[in-house]
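[1] Sharing a sequence plus its predicted fold:
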Amino acid sequence: MNERAGVRRQIVREPKQTDIQRSCQCSPPRFVQPSRHNPMNQNRLFVGNLSYETMENDLQDYFSQAGAVTSVNLMMDKMTGKSRGFAFVEFATSEEANKAVEQFHNKEFQGRQLTVNIARPREERSQRWSGGRSEARPEQR
């Protein structure tokens, strides 16, 4: 009564290193470590207190008065698809970004007084969601 029921083994041959190298003609990925001396991108601005009707092209046109705008990222609500009232605007140089802060901070745009600052790095947030039933209340066990 000591039988094995339906167990099959399959021998898998691992590919040789040269096979992998021949199949991939691209260069290996490189890790680029950000500079420790400058953790903030001085070209990127936080723009707050925006009207909920503001569009990315409105910001592109408005901020291009201070210099070459390389990107505009308007934050949108995932559920409603509407603006969250803030955006990030990136300039080609830090000098243009500083000029934009001086030129547009506390200035009115589309009926709202803008907040314009150099963007800070995103802060790490703690996980609040437990994700399981291990913390169930005693009456639910």
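    Ah, there it is. Numbering: from 1, shown residues only.
[2] name the element residue 102 belongs to?
    helix 94-104 (DSSP states H and E).
[3] and that helix, what does it pack onto?
    Counting contacts by 3 or more Cβ pairs under 8 Å, 6 or more residues apart in numbering; DSSP states H and E, helix 94-104 packs against strand 44-48, helix 56-63, strand 83-91, strand 115-118. Any C-beta I mention is one placed from the backbone N, CA and C, and that applies to glycine too.
[4] elements contacting the third one?
    Taking 3+ Cβ pairs under 8 Å, 6+ apart as contact, the helices and strands that strand 83-91 lies on are strand 44-48, helix 56-63, strand 69-76, helix 94-104.
[5] would CSV of these with mean neighbour count be doable?
    As requested, the helices and strands packed on strand 83-91 are exported to CSV (neighbours: other Cβ atoms under 10 Å):
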stretch, mean neighbour count
strand 44-48, 21
helix 56-63, 17
strand 69-76, 16
helix 94-104, 17
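[6] closest to residue 119 out of those?
    strand 44-48 (4.3 Å; Cβ to Cβ).
[7] circling back to that earlier point, output the helices and strands packed on strand 83-91 in a markdown table, with mean pLDDT and distance to residue 86 appended to each entry.
    Formatted as a markdown table, the helices and strands packed on strand 83-91 follow (pLDDT from 0 to 100; distance: least, Cβ to Cβ, whole Å):
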| stretch | mean pLDDT | distance to residue 86 |
| --- | --- | --- |
| strand 44-48 | 97 | 4 |
| helix 56-63 | 96 | 11 |
| strand 69-76 | 96 | 6 |
| helix 94-104 | 96 | 14 |
